Structures are given as structure tokens and as C-alpha cells.
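Student: build me a structure from this.
(chains A and B)
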Amino acid sequence: MITFVQKVGRLGLSICTELGRASFFLSKSVWRKPRTGKKLHLLAHALFNSGVLSLPIIIVSALFIGMVVGLQGFNILNKFAVTSALGSMVALSVVRELGPVVTALLFAGRAGSALTAEIGLMKATEQLDAMEMMGVDPLGRIMLPRLLGGFISLPLLTIIFCAVAIYGGNLIGVQWLGVDAGAFWNNMQSSVDFRLDVMNGIIKSAVFGVVITWMAVYQGASAVPTAEGISHATTRTVVYSSLIVLGLDFVLTAMMMGGW
Amino acid sequence: MSNALIRVENVSFAHNGRSIFDNISLTIEQGKITAIMGPSGTGKTTLLRLLTGQLKPSSGHIYFDEQCINTLSQKELYKTRRKMGMLFQNGALFTHLTVYENVAFSLREHTQLSESMIRDVVLLKLEAVGLRGARGLYPHELSGGMARRVALARAIALDPMLILYDEPFTGQDPILMGILVKLIKELNDALELTSIIVSHDVPETASIADYLYVLAGGQVVGAGAPSRLVADNNPHVKQFMHGLPDGVVPFHFPAGDFMADLLSSEGEQY
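Tutor: Numbers count the residues shown, from 1 in each chain, chains lettered A, B, ... in the order given. The predicted model follows:
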């Protein structure tokens, strides 16, 4: 029994220590004197790597998810003869939940793992040490643009995901199954509230963006500089990010539904 | 020694509870090539990291150009490091940048030079290491020796006062070894640098070093000109300088009785 308590205590302490280190790392990376336009190309590069390169997987996934929601929704609504509500169903499920969560999970798998592997390899090959030796702070030169790139990319990717998924739902519902286009779009417009649905979805994705990018960059920077260490760090990024996204989604949804 | 650029005074350093250095002192003279040598695991690279402020000593002081490195703030430390260049064991080139951009990196970060000036400086540095023609290549397209020469060009891009070499000769063929030995000597003399070489390649290092320190067991066990250390009778220095397979650094890692180990029937897992 005492051994079990010891183990739980040790685990709690190690989680707190790691969280403290990660928080210190984030604050040191982000809270610094802003540099002028000279470094904007670094942010543009990070946005390209995290955002633009994630677009294909986001668009393809969104299209199929929208199509599946359209198909499933049509079958359910058809039983109650309210297929005209398909537009509302697709839009609400995508904008409120599927958009932010699925985009975040895909982002963690594509961009998060790439960030961890890149930074971990830079550490293993002494590139970060070399930068420090040249009097350049890696936190500002490497970590900060990647963090900002992730923070900005995910909400934008979520908006694109939602738009494509709704188009996928329209493709199945209106173009294939014959739901009236006017009813589809009109019901969607009347039932989706910009602040309660769209903005809350974007807020969720912004929170997910911070958490995933923070996790990915920190795991890379603290990886054991060996092949195995980088592999473990990359796995941790994807697993922890996914779990945190799902847990946070529940918390945020509960807060938003409660009117916070 | 006089005219010291670096003074290490009574420095001790421990890592994970294991003492690496115990109250060592040494000086690095300006304008000279000083080598820090010793068997593997004696903390040569750790000493380099202490000299550059990447690690902090447990006690003692390290002065570079009369500034105490281990008490500087991070900002001051970064500023001081602009006077230093370091050649890492594997080059540590930025893999996403070309050879040209690698050499231009610190110029872009720390100077306001125009693009044409940066181009001239980069080409001069690459010409000095014989790789002007490779400026468009990426690090993965270079051989190990070429990568080290590019890293050397990058290290001297800001015309530092001090250049540190971490195991520059390891894994090089004789031709590249000769090239590196020549480059280190010529750059030190032509640019009036101070050079510190950390190495365990005795003949190559001794051929260009003005002064040698031999480390063993967390202490400086030998110091002097290469010719003096070759004739030194200290058992650590003698074993290292002459490459003797057994001596004060034993061939065997400490273990129990060999026969008892062989006859033991206990299953072991490692």
C-alpha cells in the first residue's frame, strides 16, 4: 500500500516538475522584446511548415467527414421527415465539435510530430548549441517562430476544415440525396449563431493550437538527443496532445454551454 | 604564462553527483595554440563548455578577456560569445541552410552589413577553407571533412578573438587530417587568433600546439610545450603521450574475480 502511495506521489511530483519546466520554457520563449520586421520571414516559414503543409490532409479529411455527417444525418432526419434540417445538423456538429477537435488531432499528428522531430534533431546534431555559441538565442530564433506559427495556423486550419466539411455535407445532402438547397442553407443560417457556435469553435481551436504547439516544441527541445530519444519525444507529442485535446474539449464545451 | 586571454581559477565541476573537475587552474595565452588533451571521458569537452559559459562551474572562476564568464547574465554571455568561434565535433551545420547561408548566418544576425558586403565576407571565408566552389551545396551533400571546413569558415565569420576546436581530427582520413592541421595553424597565425584544441590525437595536435595541458582524473596532470611533455615521466602523461595500452588508466573496467564470475550459476540480465 505504501509502495503504491509512493509511486503515485512520485508520479505527481514528476508531472508537476515537467509542467513547471514546460511553463518556464514557454514564458522564456514568448515573453521577449518584439523584434522588428527583420524576423518576419522566420514566422512566414513556420506558418508555411505548420499551416500550408497541413492543408492537404485537413481538406481531404474535412471533405470526407462532411460527407459522412451528411449521409448519417440524412438517414436519421429522414425517419422524422425533417431532412430540411440537414444543413443545421451538419453545420452545428462541424462548427462546434468536429471542426476544432478533428483539425487539432490531425494537426498534432502532422505538424506537431514534425516540429518535435525537427527540434529534437537540431538538438542531437548540436545545431542549437552552435547557435548559442554564435550568440544567438535558440528560444527566440527557433522556438518562438514555431510557437507563433502553430498558434496562428490551427484556428485558420479549423475555419478551412469547417468550410470544406459543410461543402461535403452539401455535396451529399443537396447534390446527391436531393435535399432542397434553399432549406439546407436557410436552416443552417438561422440555427448557427456566430458568437455561440462559430466564435466558440474558433476559441477552442486557438486553445488547442497553443497546447499542441507548446507540447510539440517543448518535447523537441527536451528530447534525449539520440534516435530513440527523438522517437519517444515524437510519440509523446502525438499521444499527449491528442489526450489533452479531447480532455480540454470536454472542459471548454462544458464552460461554453454553462455560459461561462 | 603571461598575456592570458583565458584564466581558469580553482574550478570544480560535478555532474549528476560525479566530480568531473576538482579545483583545476590553467591559463590560455593570447595568440597561441593551446591543446587540451587526455584520455576519453576525462572531461575535455566539458572544459570547453565551461570556457564558453555553456556550463557553470560548481566553484571557482573562469575569466575570458578579463570578464568572469560564469557570472555574466545571459545577454552579456551572448554578447561575449560573439568574440568566440567554436568548431563542433560533427560541424553542427544548420541542415536547412546552404553552405553560403551557414557562413552568412552570424553576419546576418549580428551586423548591419549590406548583402554585397556579406557576400564578399562569406566568399573570403569560404576561399580560406578552400570551399568557395561548394557554396550552393546543402550540408547533407558534403563529406565529413568538407562539413568541418565549412563549420570552420562559419566559426571565423565574425573574426573572433578565440576559436575552440572540439575533436577536430576525429574520424578524418590522413589527407583531410593534414588539411585541417594546416588550416588551424594558418588561420591562427594569419588572423592573429587564439586557438584551443581539444583532442586526443597526439601527433597531429602536438605538431601545431604551442602549449599542452593533459587532463586525467579531474586534474591537470601535465602542462608544457609538446617536446617537454613527450619526455615527461608522470605516469598519466607518459601513458597518454606514448599511447601505452595499460598503465594508470587500466585496460580493464573494474570488476570482480574473473573465475568466480565464470563459475557463477546465477542468471543475469543486463
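Student: low-confidence ranges, the chain, go.
Tutor: Unless you meant another one, I'm taking chain A. Within chain A, the stretches with pLDDT under 70 are A:34-38, A:259-260.
Student: ah, I was thinking of chain B
Tutor: B:1-2, B:246-252, B:265-270.
Student: got the domain ranges for it?
Tutor: Domain assignment for chain B by automatic domain parsing gives B:1-83+B:161-170+B:191-270, B:91-159.
Student: CSV for these, including distance to A:F24 and mean neighbour count?
Tutor: For every residue, glycine as well, the C-beta is placed using N, CA and C. What follows is these, written out as CSV (distance: least, Cβ to Cβ, whole Å; neighbours: other Cβ atoms under 10 Å in any protein chain shown):
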stretch, distance to A:F24, mean neighbour count
domain B:1-83+B:161-170+B:191-270, 14, 16
domain B:91-159, 25, 18
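Student: export those as CSV, with columns for distance to chain A.
Tutor: Shown next, in CSV, are the domains of chain B (distance: least, Cβ to the nearest Cβ, whole Å):
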stretch, distance to chain A
domain B:1-83+B:161-170+B:191-270, 4
domain B:91-159, 4
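Student: CSV for those domains, including distance to A:I15?
Tutor: Shown next, in CSV, are those (distance: least, Cβ to Cβ, whole Å):
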stretch, distance to A:I15
domain B:1-83+B:161-170+B:191-270, 22
domain B:91-159, 33
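Student: quick check: the residue of the stretch 151-260 of chain A nearest chain B.
Tutor: Residue nearest to chain B within the stretch 151-260 of chain A: A:P225 (11.7 Å; Cβ to the nearest Cβ).
Student: so who does that residue touch?
Tutor: Applying Cβ atoms under 8 Å, 6 or more residues apart in numbering or on different chains to A:P225 gives the contacts A:120, A:123-124.
Student: repeat that for B:V129.
Tutor: By Cβ under 8 Å, 6+ apart, the contact set of B:V129 is B:149-150, B:152-153, B:183.
Student: 7 Å - rerun?
Tutor: Applying Cβ atoms under 7 Å, 6 or more residues apart in numbering or on different chains, we find B:V129 in contact with B:149, B:152-153, B:183.
Student: can you pull the residues of the stretch 1-150 of chain A lying near chain B?
Tutor: Within the stretch 1-150 of chain A, the residues that sit near chain B (Cβ under 7 Å from any Cβ of the partner chain) are A:125-127, A:129-130, A:132-137.
Student: number of residues surrounding A:K28?
Tutor: 15 (other Cβ atoms under 10 Å in any protein chain shown).
Student: which SS class is it?
Tutor: Under the three-state scheme (DSSP: H, G, I helix; E, B strand; the rest coil), A:K28 adopts helix.
Student: okay, and B:L26 sits in which element?
Tutor: Here B:L26, judged by DSSP states H and E, is contained in strand B:18-29.
Student: next helix or strand past that strand?
Tutor: Next along the chain after strand B:18-29, taking DSSP H and E as the criterion, comes strand B:33-37.
Student: need the contact list for the residue nearest in space to the middle of chain A.
Tutor: By Cα atoms, centre = their mean, chain A has its centre lying nearest to A:A104, at 2.7 Å. Shown in contact with A:A104 (Cβ under 7 Å, 6+ apart): A:154, A:205, A:208, A:212, A:245.
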